[in-house]
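**Student:** My questions concern the predicted model and sequence given below.
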Protein chains: 2
Amino acid sequence: MNTDDSYQSGLVPADEIAQRIARLQDFLQQQAVDGALMLDPLNMYYYTGTMQQGVVVVPATGDPVFLVRRSVERARLESPVQQILPLAGFSQLRSTLADLGLATDTLGVAEATLSVGVFKALAKAFPGTAFTDISGVLAMIRAVKSDYEVGLIRTAGALHAQVYGAIPALLREGMSEWELGAAIHQKMMELGYTGIARFAGSGMELFLGIISFGESGNYPTASIGPGGLTGLSPAFPLVGGRKQLGRGEPVFVDIGFGYHGYFTDATRVFSLGPLPQAAMEAHALCLDIQEAVRCRLKPGAIPSRIYDEVWGEFVHSRAFTKHFMGFGSNQVPFLGHGIGLAIDEFPVIAAKVHTPLEANMIIAVEPKKGVAGIGLVGVENTFRVTAEGGEKLTPGTDEITMV
Amino acid sequence: MNTDDSYQSGLVPADEIAQRIARLQDFLQQQAVDGALMLDPLNMYYYTGTMQQGVVVVPATGDPVFLVRRSVERARLESPVQQILPLAGFSQLRSTLADLGLATDTLGVAEATLSVGVFKALAKAFPGTAFTDISGVLAMIRAVKSDYEVGLIRTAGALHAQVYGAIPALLREGMSEWELGAAIHQKMMELGYTGIARFAGSGMELFLGIISFGESGNYPTASIGPGGLTGLSPAFPLVGGRKQLGRGEPVFVDIGFGYHGYFTDATRVFSLGPLPQAAMEAHALCLDIQEAVRCRLKPGAIPSRIYDEVWGEFVHSRAFTKHFMGFGSNQVPFLGHGIGLAIDEFPVIAAKVHTPLEANMIIAVEPKKGVAGIGLVGVENTFRVTAEGGEKLTPGTDEITMV
């Protein structure tokens, strides 16, 4: 494990939490919502700095209240939020907030992650309260990262690069995708990889990432990304499967790296010996497409315009459409996605996303191409939106590494 | 990886799926519910044998319909369900089911896992339909395992025992909890451990399990179990932390092992050199408590009665209450929990659970005791309910292994 790291460095600073709460309060005031109630680990962590069982309440004005079922002790050790109170059950929520002088006529909740069962219990605890969905707002707030967050993501990217740097020495003919995945995972745990990849609402599951040799990369997948894989079982269509590595086929590795909860996403392709020319050419065009997106990642740029321009100029016009962004039915209609505490953050670079980019948004760009009979090639890097275009936070070569 | 394993052995047999659907249909008919709509990966897998993005519809009578957004191809490769159709969006759901002659006046959904956002989209797609929560019924059906499922869980238990067997050789003075966790995880991946631990609705996160040295086991936790741990970061309060192993302190290891989606749960305690007498005595009493529960795990037994009897006879009467089932505020009010595709299945051995046990229910029993200034001791094994009492499916010694 990297020795300059510590549990303390993962404590979210008080001023960071205060800025996040202020941004949420701006929205609540604009929309005349009395407060936000958040129960999911991801938003709870963002606004309190800790993940407990409970409810964080951010009123439109005033201090947040963190009601914790388990563990109040731990919440107080980790969170800079001042008002941390024990929570026996939802039935006391309303009176507790009323005692603190907080209005609850209109409350925002994250419908994308809140279960119907928990929502019903909340609705019962707040008779007469109007609930409104603030999932989109919470996602937009998280989409723009602070310098503190960028620092953590930068560290994740540097560690991520160490993982990719270690892969050539791990490859050997005849090993299975699963074995390579296990070896990569071991390296990642050595580097302090905090292994749960969280999603903000897409209901996806992910473990480590995608390790696909050759045509495994074109195998049909339920994943919301372009990368096919077989996995070890229908109950675990993740990591990789039993296919053994041969010479001259793409080793497609798409993994996330998490550091204090913040993720970078990157894809690299390796091979034992030379790859067929079709794969090399497809990879080269993917790099061009990545650069075309990267140089457009500037504040004010419109994701739908980036998507249309790049798709028109590099994909349609070069007859690159077939199997681009996934083989056959794996094809996905985007070129990149926001990333941070969740793998599926805002914004997506896609045809219907018209909200302009802002500085310090973090976006993983992932042009990939299925090649029939060969496998999947292409690249992914995590970029920061800046006035000069995307700054790459996942160092290392984007070229295919031939071993 | 064990070589007799294969992806094919993870394909759920058609008769297995048919029996599950018949059990659900019995309930739907009794309750006059027209059909069940399931979207979560766990119930989808249970009733189709595959995990895709889509909706599985089990009508009260007749064949199930599996509507798949992504990937229809993969669903057809993995599932014995006959009617697998592409799903463009929820808006077409109602007409598709009507075309197949299925009534949709009353539909059951799993409110424990369905998000409010998705539920609202469903409700819009089925105007006039009355939705009812069937989370509890789905859990009760899954609680009683088939012989096929018991076979998979038995294999999980055998592999689990291999993991615990490897631990003594991994222990060395000065190593961190995280390092031990990484080494254990590596061993588990070698054995083909399918690493995502799923929960049926408690919203828990788990990665690997709990590795706690000494007093880490008494550290306050948000987990719904008795085991404390620090973790590497407030964003990842899982696996273990930076505490280094010393001589004469408990090495508390509570991990799950997953095989084709089915989990066993087991806890073992190790140490470098002898432990203090207080720890040894507490551990011995935990073993007595485990046996007291185990011998009661028979069809017809009432969980609340087991809980009350064992608590009265072994905990209260022996002044063992303090820090039993978790140190301080970590204390939890149960002695065991169902397990299978999810870690938090029915039934729980707790004071308010009055539904009788049935043969082939699978229950993890986990009496544990925090010892002030020393750490956590105790045991956990996964048992099958039989007429002779619980059959232990997680082999190996329950005694503390001194290295």
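**Tutor:** Alright, I've got the coordinates.
**Student:** contacts and neighbour counts: CA atoms only from here.
**Tutor:** Fine.
**Student:** give me every residue that touches the nearest residue to A:S233 once chain neighbours are set aside.
**Tutor:** Once flanking residues are discounted, A:S233 sits nearest to B:Y7: 5.1 Å by C-alpha to C-alpha, 6 or more residues apart in numbering or on different chains. By C-alpha atoms under 8 Å, 6 or more residues apart in numbering or on different chains, B:Y7 lies in contact with A:232-234.
**Student:** please redo it, this time with the cut-off set to 10 Å
**Tutor:** A:230-236, A:241-242, B:260 (C-alpha atoms under 10 Å, 6 or more residues apart in numbering or on different chains).
**Student:** show me where pLDDT drops low in chain A?
**Tutor:** By pLDDT under 70, the weakly predicted segments of chain A are A:1-6.
**Student:** and the spatially most central residue of it, what does it touch?
**Tutor:** Central residue of chain A (C-alpha atoms, centre = their mean): A:I343, 1.4 Å from the mean position. Applying C-alpha under 10 Å, 6+ apart to A:I343 gives the contacts A:197-200, A:202, A:204, A:206, A:256, A:262-265, A:337, A:364.
**Student:** just the strands in the stretch 301-403 of chain A please.
**Tutor:** With DSSP state E, counting those that start in this stretch as the criterion, the stretch 301-403 of chain A has strands at A:334-338, A:345-350, A:362-365, A:368-371, A:375-378, A:381-384, A:391-392, A:401-402.
**Student:** Sheet partners, orientation included, of the third one?
**Tutor:** Note on strand A:362-365: by DSSP bridges, its sheet partners are strand A:334-338 (antiparallel), strand A:381-384 (antiparallel).
**Student:** what helices or strands is the longest helix seen in chain A leaning on?
**Tutor:** For chain A, the helix with the greatest residue count under DSSP state H is helix A:147-170. With contacts taken as 3 or more C-alpha pairs under 10 Å, 6 or more residues apart in numbering or on different chains; DSSP states H and E, helix A:147-170 sits against helix A:14-30, helix A:177-190, strand A:251-259, strand A:262-271, strand A:362-365, strand A:381-384, strand A:401-402.
**Student:** how does it look with 6 Å?
**Tutor:** Other elements packing on helix A:147-170 under the criterion 3 or more C-alpha pairs under 6 Å, 6 or more residues apart in numbering or on different chains; DSSP states H and E are strand A:251-259.
**Student:** So which bits of the stretch 1-150 of chain A are right by chain B?
**Tutor:** Within reach of chain B by C-alpha under 6 Å from any C-alpha of the partner chain, the stretch 1-150 of chain A has these residues: A:7, A:10, A:50, A:52-53, A:70-71, A:74, A:111-117.
**Student:** Which of these fall within strands?
**Tutor:** A:53, A:70 (DSSP state E).
**Student:** For chain B, what's the nearest residue on chain A?
**Tutor:** At 4.2 Å from chain B, A:S115 is the closest residue in chain A, using C-alpha to the nearest C-alpha.
**Student:** In contact with that residue: list those residues for me.
**Tutor:** By C-alpha atoms under 6 Å, 6 or more residues apart in numbering or on different chains, the contact set of A:S115 is B:112-116.
**Student:** Setting aside sequence neighbours, what's the nearest residue to A:R198?
**Tutor:** Excluding its sequence neighbours, the residue lying closest to A:R198 (C-alpha to C-alpha, 6+ apart) is A:A342, at 4.9 Å.
**Student:** Quick check, that neighbour in contact with A:G201.
**Tutor:** No: A:A342 sits out of contact with A:G201 when judged by C-alpha atoms under 6 Å, with a separation of 9.1 Å.
**Student:** between those two, who's got more neighbours?
**Tutor:** Set A:A342 next to A:G201 and count neighbours by other C-alpha atoms under 10 Å in any protein chain shown: A:A342 wins out with 23 against 19.
**Student:** measure the residue nearest to A:S233 to A:K243 for me?
**Tutor:** 11 Å (C-alpha to C-alpha, to the nearest Å).
**Student:** Repeat that for A:V58.
**Tutor:** The value you get for A:V58 to A:K243, if C-alpha to C-alpha is used, is 50 Å.
**Student:** Neighbour count for these two, which is higher?
**Tutor:** A:V58 (25 against 20).
**Student:** For that one, give the beta-bridge partners.
**Tutor:** Counting by DSSP bridges, A:V58 is bridged to A:A36.
**Student:** which bits of the stretch 201-350 of chain A sit near chain B?
**Tutor:** Within the stretch 201-350 of chain A, the positions near chain B by C-alpha under 6 Å from any C-alpha are A:220-222, A:232-235, A:260-261.
**Student:** which one of these sits closest to A:K352?
**Tutor:** A:K352 has its nearest neighbour among these in A:A222, at 22.0 Å by C-alpha to C-alpha.
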